[in-house]
Structures are given as structure tokens and as C-alpha cells.
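Asks: Just a sequence and a predicted model for now, questions to come.
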Amino acid sequence: MRVLFWIALIALVVFAVRSKLRAIAKQHQQQPPQHTGRSAAGGEIEAMAQCAHCGMYFPASESVRADGLDYCSPGHVRLPPPKS
């Protein structure tokens with residue numbers, strides 16, 4: 001009697017695992033391919049700029065230019081570049 005219980009339990013676990021794996025595989029087949037390295041609007045890859053004060057990289061379209069240098073925010077324009 002115990003042997004039948006264990007066989008049924010093992011069969012149930014195997015069935016549940018196979019069912020879950022099939023569902024995951026089916027979900028991956030239905031998802032469209034994801035594009036990496038592109039902007040959210042679907043445009044071209046954007047150039048990056050580095051802040052002259054803090055050194056952080058950010059999209060060049062968001063830069064604040066002053067005296068020929070790129071800054072990440074207007075607050076950093078007023079601060080001097082850090083000494084190396």
C-alpha cells in the first residue's frame with residue numbers, strides 16, 4: 001500500500017514539473033525579441049557624455065554645456081572641476 005502511495009506521489013511531482021516547464025517554454029516562444037542598446041522611443045543609440053565635475057556618465061542630450069565642458073546638472077556648472 002505504501003509503495004503505491006510513493007509511486008503516485010512521484011508521478012504527480014513529475015507531471016507538475018513537466019507541466020510547469022512546458023508553460024515556461026510556451027511563454028518564451030510567444031514573447032517578442034527584446035532590443036538592447038536602443039532608446040525607449042526606438043531611435044538610434046545615443047552618445048554618452050561625462051560630467052566635468054563628478055565624472056558621472058549620462059546621455060549627451062541631457063548635458064548642460066558651459067565653457068566647452070559637459071555637466072550633468074546646472075548645479076555642477078557652478079562648481080569647479082575636482083582636482084585630480
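Replies: Cool, got the structure.
Asks: so where's the chain uncertain?
Replies: Low-confidence segments of the chain, defined by pLDDT under 70: 31-43, 81-84.
Asks: ok, which stretches of it are strands?
Replies: 48-50, 57-59, 64-66, 69-71 (DSSP state E).
Asks: ranking those by burial, who's on top?
Replies: Ranked by mean neighbour count, those are led by strand 69-71 with a mean of 20 (mean count of other CB atoms under 10 Å). Every C-beta, even on glycine, is put in place using the N, C-alpha and C of the backbone.
Asks: Could you list every helix and strand that it packs against?
Replies: Judged by 3 or more CB pairs under 8 Å, 6 or more residues apart in numbering; DSSP states H and E, strand 69-71 is in contact with strand 64-66.
Asks: from the middle of its chain, how far away would the strand it packs on be?
Replies: On the basis of CA atoms, centre = their mean, to the nearest Å, strand 64-66 sits 29 Å off its chain's mean C-alpha point.
Asks: strands paired with it, and their directions?
Replies: Using DSSP bridges, strand 64-66 pairs in its sheet with strand 69-71 (antiparallel).
Asks: coming back round to it: and of the strands of the chain, who's closest to Gln30?
Replies: strand 57-59 (32.2 Å; CB to CB).
Asks: Can you tell me what sits against that closest one?
Replies: Residues outside strand 57-59 that contact it (CB atoms under 8 Å, 6 or more residues apart in numbering): 46-51, 72.
Asks: Let's see that with 10 Å instead.
Replies: 39, 46-51, 70-73 (CB atoms under 10 Å, 6 or more residues apart in numbering).
Asks: Output these as a markdown table; include the columns distance to Ile7.
Replies: Shown next, in a markdown table, are the contacts of strand 57-59 (distance: CB to CB, whole Å):
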| residue | distance to Ile7 |
| --- | --- |
| Ser39 | 56 |
| Glu46 | 60 |
| Ala47 | 64 |
| Met48 | 61 |
| Ala49 | 66 |
| Gln50 | 65 |
| Cys51 | 66 |
| Asp70 | 69 |
| Tyr71 | 70 |
| Cys72 | 65 |
| Ser73 | 67 |
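Asks: Out of these, which comes closest to Phe15?
Replies: Checking the contacts of strand 57-59 against Phe15 by CB to CB gives Ser39 as the nearest, at 44.9 Å.
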